[in-house]
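Undergrad: Give me coordinates for this.
(chains A and B)
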Amino acid sequence: MECDHYRELANLFLDGSLDTHMQIELFKHITGCDECRSFVDMMTKMNTIKNREEIKYPLAIDGKLFQRLMEYRIQSSKRKLSESGLFNFLKKKVVLSLPLAAAIIIIAILGGIFFGTSLKKYPDENMMLTLQQRQAVQPSTVIFFYELPPVDVIGKPVLKNVRYNPNYQQ
Amino acid sequence: MMVPDAILVKSFCNGNDLAFVNLYNRYKHSIYIFCFKMLDDSNSAEDIVQNIFIKFYERKNQINQPERLKQWLYAVARNECLSYIDKSKRTSPLDSENEIGSGRSFHGQYDSEEEVRHLSKAIEQLTQEYKEVLLLRLYNDLSYKEIAEILDLKETVVKSRLFEARKKLYKILKPIFEERA
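TA: The predicted structure follows:
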């Protein structure tokens, strides 16, 4: 039991954290105690044995580590680029509410029907008009569209319904 | 004069990679020794050292106390070693007759070499809790306080564990050295 106390002191002594007063006490004990002296000797020897062992640092680690770090940097810069504005915008999911989506579809369908029918009204005549004819009918087209009385805006008689007449000649 | 760790860590966090290289050169060998002694396998120790410094590079901004980088590195090293041991135990039980000596060289004659082998084998026989404390104190020369921070223990516990580890080591080595004498 007494030896256990001194070995504890020896433990602190080996770590260099035993004050001088306690060191004297320890050395007084170990001069008369073979077992404790053997313990201190063994532990001191262990320190010297440890110092004889040389563990070399493998130089290959440096190359491998910096190679891995380079790869990590490339990957992280790629990741940053993909997270930047433009790519992020493309990746973003456009979330539309259901009624809004339905309204857009309905408007698109109605728009398609309206413009489709207006274009198909007189397709053949339209196709047969020459550029000159089209220029001639342009004022009354505008007027017709707004349902206003025909007005001679270019100093010539306004012609009605000539837009669709393929035989019209100015 | 050596630049304190905290300044180098802050510089590294601000994008100075040279500060990282400086810190790596400062700690690589001692961390390697700790891993090598924990695992007694130079190849695994090499891999673990790389992993530790890659973690440091990746998580530089997560280090809250730059002045305790040393403790952080050792704590990561310890965790990596323990998970490696755990993994290798699960896949294939550790061979107790592992050849001790690879990756080492010796200062001195054959007797020194044999003594080193005996010491290494004796440390191998210690349980994990005693082994890690002893390695950090004996081979890495860390203070009680530093060891306590690494292992997340109280200093008194570190002292008593170290004492127990030395007593166990003494028990193992005494008959061997008495026989040789």
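
Undergrad: Can you show me the CA trace of stretch B:29-42 as PDB?
TA: Only the C-alpha atoms of stretch B:29-42 are listed here, as PDB (Å, rounded to 0.1, in the frame of the first residue of the first chain):
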ATOM      1  CA  HIS B  29       5.400  13.500 -38.100                       C
ATOM      2  CA  SER B  30       4.000  13.400 -34.600                       C
ATOM      3  CA  ILE B  31       0.600  12.500 -35.800                       C
ATOM      4  CA  TYR B  32       2.000   9.800 -38.000                       C
ATOM      5  CA  ILE B  33       3.900   8.400 -35.000                       C
ATOM      6  CA  PHE B  34       0.800   8.300 -33.000                       C
ATOM      7  CA  CYS B  35      -1.200   6.600 -35.700                       C
ATOM      8  CA  PHE B  36       1.600   4.100 -36.500                       C
ATOM      9  CA  LYS B  37       1.900   3.200 -32.800                       C
ATOM     10  CA  MET B  38      -1.900   2.900 -32.400                       C
ATOM     11  CA  LEU B  39      -2.300   0.600 -35.400                       C
ATOM     12  CA  ASP B  40       1.200  -0.900 -35.700                       C
ATOM     13  CA  ASP B  41       0.700  -0.700 -39.500                       C
ATOM     14  CA  SER B  42       2.600   1.800 -41.600                       C
END
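
Undergrad: Identify the residues contacting that stretch?
TA: A:55, A:57-58, A:61, B:44-46, B:48-49, B:52, B:73-74, B:77-78, B:80-81, B:84-85, B:98, B:100, B:102-103, B:120, B:123-124, B:131-132, B:135-136, B:139-140 (CB atoms under 8 Å, 6 or more residues apart in numbering or on different chains). Any C-beta I mention is one placed from the backbone N, CA and C, and that applies to glycine too.

Undergrad: avg pLDDT for stretch A:64-71?
TA: What stretch A:64-71 shows for mean pLDDT is 91.

Undergrad: buried sites along it?
TA: A:65, A:69 (16 or more other CB atoms under 10 Å in any protein chain shown).

Undergrad: Can you name the element that comes right after the helix or strand that contains B:Ala45?
TA: B:Ala45 is located in helix B:42-58, with elements delineated by DSSP states H and E. Later in the chain than helix B:42-58, the nearest helix or strand by DSSP H and E is helix B:69-91.

Undergrad: re earlier: tell me which residues in the helix holding B:Ala45 are buried?
TA: B:42, B:44-53, B:55-57.

Undergrad: pLDDT and distance to B:Ala165 for those - can I get that in CSV?
TA: Output for the buried residues of helix B:42-58, formatted as CSV (pLDDT from 0 to 100; distance: CB to CB, whole Å):
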residue, pLDDT, distance to B:Ala165
B:Ser42, 90, 24
B:Ser44, 93, 23
B:Ala45, 94, 21
B:Glu46, 94, 26
B:Asp47, 94, 27
B:Ile48, 95, 22
B:Val49, 95, 24
B:Gln50, 95, 29
B:Asn51, 94, 27
B:Ile52, 95, 24
B:Phe53, 95, 28
B:Lys55, 93, 28
B:Phe56, 93, 29
B:Tyr57, 92, 33
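
Undergrad: Dump those residues into JSON lines; add distance to B:Gly15 as well.
TA: Shown next, in JSON lines, are the buried residues of helix B:42-58 (distance: CB to CB, whole Å):
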{"residue": "B:Ser42", "distance to B:Gly15": "34"}
{"residue": "B:Ser44", "distance to B:Gly15": "32"}
{"residue": "B:Ala45", "distance to B:Gly15": "30"}
{"residue": "B:Glu46", "distance to B:Gly15": "28"}
{"residue": "B:Asp47", "distance to B:Gly15": "28"}
{"residue": "B:Ile48", "distance to B:Gly15": "27"}
{"residue": "B:Val49", "distance to B:Gly15": "24"}
{"residue": "B:Gln50", "distance to B:Gly15": "22"}
{"residue": "B:Asn51", "distance to B:Gly15": "23"}
{"residue": "B:Ile52", "distance to B:Gly15": "21"}
{"residue": "B:Phe53", "distance to B:Gly15": "17"}
{"residue": "B:Lys55", "distance to B:Gly15": "18"}
{"residue": "B:Phe56", "distance to B:Gly15": "15"}
{"residue": "B:Tyr57", "distance to B:Gly15": "12"}
